[in-house]
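Colleague: I would like to see how this sequence folds:
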Amino acid sequence: MILLELGAVERLIVLMTSADKSVRRHSLMVLGLMSSVQTVRKVLVEDKQKIVQDCSTLVQDDDAVVVEFAIAILANLATVYQIKEEIIENGSLPAIIKLLSSNDPDTKKHALVCLLR
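Modeller: Have a look, this model is predicted:
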């Protein structure tokens, strides 16, 4: 994947917590889509503590798109055992469980997948 080779994942990880809402939203959208690729997941797992902590904070954001893609990243990464451990250790489960009552069906699906994997 060309974006991975160019170091885009590392840059997007930094941008996903940007103070600029548009930058945050778009970086999460790209990372959310990219995190479904196995090689990208391997890169994200290398920085698992930051990824889980940031995504766990972002799932509580008031921007529905930010929430949807932050939980999508966690759902895609939940296939990796170390990420499951990090989600539990980080205390992220209550925020994820709360998303099960979201009005957005994609957000609900991602929250459920995150919990079931």
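
Colleague: where does this structure have low pLDDT?
Modeller: Residues of the chain that meet the criterion pLDDT under 70 lie in 1.

Colleague: most centrally placed residue in it?
Modeller: Residue closest to the average C-alpha location in the chain (Cα atoms, centre = their mean): residue 73, at 2.8 Å.

Colleague: show me the helices in the protein, by range?
Modeller: Taking DSSP state H, the helices of the chain run over residues 2-5, 8-15, 21-34, 38-46, 48-58, 64-77, 81-89, 93-98, 105-116.

Colleague: hey, which of those is tucked in deepest?
Modeller: Most buried of the helices of the chain by mean neighbour count (mean count of other Cβ atoms under 10 Å) is helix 64-77; its value is a mean of 25. (Each C-beta comes from the backbone N, C-alpha and C, glycine too.)

Colleague: ok, the nearest residue to residue 93 once chain neighbours are set aside to residue 25 distance?
Modeller: In this structure, residue 93 finds its nearest non-sequential neighbour in residue 87, 6.8 Å apart by Cβ to Cβ, 6 or more residues apart in numbering. Residue 87 sits 22 Å away from residue 25, going by Cβ to Cβ, to the nearest Å.
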